[in-house]
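S.K.: below are the sequence and a predicted model for it; my questions follow.
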Amino acid sequence: MKLKKNINNKARQQIHLLSQNAMRAYLSNQISVTDQCCRKILALDACNPDACNLLGKLAEKRGAFDKAKESYMVGYQRHRNHSALIASLGLLHGKLGEHESAAGYWQKFVKLNPRNPDGWQALAGEFSALQQWEKADHSTLQALKLAPERAALYANLGEISLKLRRHQDAINYLRKYTELCPNDAEGMYHLAKAVLDSGDLDEAFELFQQTLTLNPEHIDALLMLLRFRKATSYDDVIKRAESILGNPIATPNQRAVLSFGLGKAWEDLNDFDRSFCHYAEGNRIRQEMTDFDIEFEQTNADLTKKTFTAELLSECHTNSSNGNEFLFIVGLPRCGSTLLAKILSAHTRVTDTGETDTLYDTIGVLTSGNCDHIQLQSISGLSQTQLDSAADQYRTMMQRFYGSSEIYVDKTLPNFWLIGFIRLMFPGAKIVHCTRNPIDHCFSIFANDFEGSLLKYTNKLEDIAHYYQIYLDLAEHWRTTLPAENYHEISYESLIAAPEEVSHSLLAFCNLEWDDACLNYHSSNSTVHTSSLAQVRQPIYNSSIERWKRYEKHLQPLIDALGDTAMPQ
């Protein structure tokens, strides 16, 4: 279309009038009138930014996103400082998941409109989608300076602060949000969850109760009380959960999470038959949502052993001290790893990074170019330079997210499958494998609600047993192929029976001097995000030892499937 460079006064007046009519029609949802007015404008001014913007909005309403983008760009190419067009492009790219592009448009918007809080808030949203938390934090703070009473900004800053591990800041922001929006159950829940993670269980339980006052059927608040507060009577929380569970409109996910929560509550009340029925029902529902394939797991384990041979793992490395600042705690869920990490992180030289996908993502990019997929077969084609580069990437991420530390403890348990990569990338790293009584371990897995592609085996006693045997076989492989100065095993039972002795041995393995704080770990104010949250806020106790015996009559399928491995090693 030929551009009309010179527009006379009469045409300008027509455009002005048509623009007013188009906007009124758009706000009144008169689609055809808006379209007609805009096209008349474009007949007079082919790149009129207001008309292009409104036509783009109409195309978005129809779901014609390509047409919308095309319309916006026609106007933007001639009017690159038109704020409404820039905002529309930012919103559209964000809606389409094109967050890099969206952030670029919003950055231009706030440069043109530095005192517009909406622009800063939108920019923060795109940075959050990109997981660029420092930039998201900065942008949200800019919005807050301009709109200090905008409640949503405090909620956003709370979430961002949690991502940046600024836990107390997160709690402060979430408190401010609940002051501004005292009737928002979801806001109250997020504050309660942050307080729970910080270790103030009593206040957290009170806030969860307030959440339920605002919304009596808030499933997550009920679950937190069922999981982390010890039930002492058949109280309103249990009754409310049972009522929702019996409601036919409850979703499968709601029924699953409440079943696990009620299993824990009835276990607290020593009604183990009723408890097991709830655990079994939760697992039955979860099993219907998954597609566990034991043959796939066996094949993967065999390939792992075939790939990471003793010869490969014993080869000379260019820098045998590379990775001596890293300690990896590995194993299966419910092995006592959180307790072990808390003991270690109480040491002044240690930082607990919790559970993170960073290593998996790094190895995925290294082996396949995709952080979501690890290609084992590609290991033979990797050079030491590539391995060292991947190690540096992991190191940089640890430093960025967790600050400077002499020792980082990564307790992402599925890294058990990545021990071969750890050895090649970080020959100086320490690896601690947490073990546990097989029946106790398998039942504890069964009694907890797990989700995720690496935990599909957790919903049937026989599947857990078969997976456990694969796990034990792979553990034997690592035990026989890794040097003792890098690989160490600790059983949960030995840690409970002799915590000081085992802790001394662990610190010696890690080349750390003794620190009395390690046995006073429960006084630490560091955050915990696992199902062991309540337990690690207490001194060491032994009530989980031989827990399975309370459920023995229900566990014969597990015992039979475990066979000889059912006996403690």
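M.R.: Good, I have the coordinates.
S.K.: for the stretch 301-450 of the chain, which segments are assigned as strands?
M.R.: Ranges of strands in the stretch 301-450 of the chain, per DSSP state E, counting those that start in this stretch, are 326-330, 350-354, 407-410, 430-435.
S.K.: which of the ones you listed comes out lowest on mean pLDDT?
M.R.: Among those, strand 350-354 carries the lowest mean pLDDT, at a mean of 92.
S.K.: could you measure the residue nearest to the spatial centre of the chain against residue 363, distance?
M.R.: Centroid check for the chain by C-alpha atoms, centre = their mean gives residue 356 as the closest residue, at 7.9 Å. Separation of residue 356 from residue 363 (C-beta to C-beta, to the nearest Å): 13 Å. (C-beta placed from N, C-alpha, C; glycine too.)
S.K.: ok, which of the strands of the stretch 301-450 of the chain comes nearest residue 312?
M.R.: strand 430-435 (16.1 Å; C-beta to C-beta).
S.K.: how is this protein carved up into domains?
M.R.: 219-288, 301-566 (automatic domain parsing).
S.K.: what's the mean pLDDT across stretch 92-111?
M.R.: Mean predicted lDDT for stretch 92-111 stands at 97.
S.K.: residues in contact with it: which ones?
M.R.: 56, 60, 65, 68-69, 72, 83, 86-87, 89-91, 116, 119-120, 122-123, 125-127, 129-130, 139, 142 (C-beta atoms under 8 Å, 6 or more residues apart in numbering).
S.K.: over to the nearest residue to residue 204 once chain neighbours are set aside. Which of the three states is it?
M.R.: Excluding the flanking residues, the one nearest residue 204 by C-beta to C-beta, 6 or more residues apart in numbering is residue 196, at 3.7 Å. Following DSSP: H, G, I helix; E, B strand; the rest coil, the label given to residue 196 is helix.
S.K.: tell me, how many neighbours does residue 196 end up with?
M.R.: Counted with other C-beta atoms under 10 Å, the neighbours of residue 196 add up to 25.
S.K.: go on, the one 4 residues further on?
M.R.: Other residues lying near residue 200 total 16 when counted by other C-beta under 10 Å.
S.K.: what's the answer for the one 4 residues further on, then?
M.R.: For residue 204, the number of neighbouring residues by other C-beta under 10 Å comes to 23.
S.K.: am I right that it is in a helix?
M.R.: Yes: under three-state DSSP, residue 204 sits within a helix.
S.K.: got the confidence number for it?
M.R.: For residue 204, the predicted pLDDT is 97.
S.K.: so residue 175 is in contact with residue 191, correct?
M.R.: Yes: if you go by C-beta atoms under 8 Å, residue 175 and residue 191 touch, sitting 6.2 Å apart.
S.K.: buried residues of whichever helix or strand residue 111 is part of, list them for me.
M.R.: In this structure, residue 111 sits in helix 99-112 according to DSSP states H and E. Applying a neighbour-count criterion of 16 or more other C-beta atoms under 10 Å, one finds 99, 101, 102, 103, 104, 105, 106, 107, 108, 109, 110 buried in helix 99-112.
S.K.: next one: stretch 206-223
M.R.: Buried-residue list, stretch 206-223, by 16+ other C-beta under 10 Å: 207-212, 214, 218-223.
S.K.: before we move on, what about stretch 55-69?
M.R.: So, applying 16+ other C-beta under 10 Å, buried residues of stretch 55-69: 55, 56, 57, 58, 59, 60, 68, 69.
S.K.: how long is that stretch end to end?
M.R.: The first and final residues of stretch 55-69 sit 10 Å from each other (C-alpha to C-alpha, to the nearest Å).
S.K.: mind listing residues that contact it?
M.R.: By C-beta under 8 Å, 6+ apart, stretch 55-69 touches 26, 31, 34-35, 38-39, 42, 71-72, 75, 88-89, 92, 95-96.
S.K.: picking that back up, of the strands of the stretch 301-450 of the chain, give the one that comes closest to residue 255.
M.R.: The nearest among the strands of the stretch 301-450 of the chain, by C-beta to C-beta, is strand 350-354 at 29.3 Å.
S.K.: picking up where we left off before, can you redo the buried residues of stretch 206-223 as JSON lines with distance to residue 430 and secondary structure?
M.R.: Below are those laid out as JSON lines (distance: C-beta to C-beta, whole Å; DSSP: H, G, I helix; E, B strand; the rest coil):
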{"residue": "207", "distance to residue 430": "39", "secondary structure": "helix"}
{"residue": "208", "distance to residue 430": "38", "secondary structure": "helix"}
{"residue": "209", "distance to residue 430": "43", "secondary structure": "helix"}
{"residue": "210", "distance to residue 430": "44", "secondary structure": "helix"}
{"residue": "211", "distance to residue 430": "41", "secondary structure": "helix"}
{"residue": "212", "distance to residue 430": "44", "secondary structure": "helix"}
{"residue": "214", "distance to residue 430": "47", "secondary structure": "helix"}
{"residue": "218", "distance to residue 430": "42", "secondary structure": "coil"}
{"residue": "219", "distance to residue 430": "40", "secondary structure": "helix"}
{"residue": "220", "distance to residue 430": "37", "secondary structure": "helix"}
{"residue": "221", "distance to residue 430": "40", "secondary structure": "helix"}
{"residue": "222", "distance to residue 430": "41", "secondary structure": "helix"}
{"residue": "223", "distance to residue 430": "36", "secondary structure": "helix"}
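S.K.: and these, which is closest to residue 486?
M.R.: Closest to residue 486, out of all of those and judged by C-beta to C-beta, is residue 223, at 39.4 Å.
S.K.: and the closest one, what is it in contact with?
M.R.: Per C-beta under 8 Å, 6+ apart, neighbours of residue 223: 257, 258, 260, 261.
S.K.: about what we covered before: widest-spaced pair of the buried residues of stretch 55-69?
M.R.: Top of the distance list for these (C-beta to C-beta): 58 and 69, 13.1 Å.
S.K.: picking that back up, quick check, the residue nearest to the centre of the chain in contact with residue 409.
M.R.: No: between residue 356 and residue 409 there is no contact under C-beta under 8 Å: 10.9 Å.
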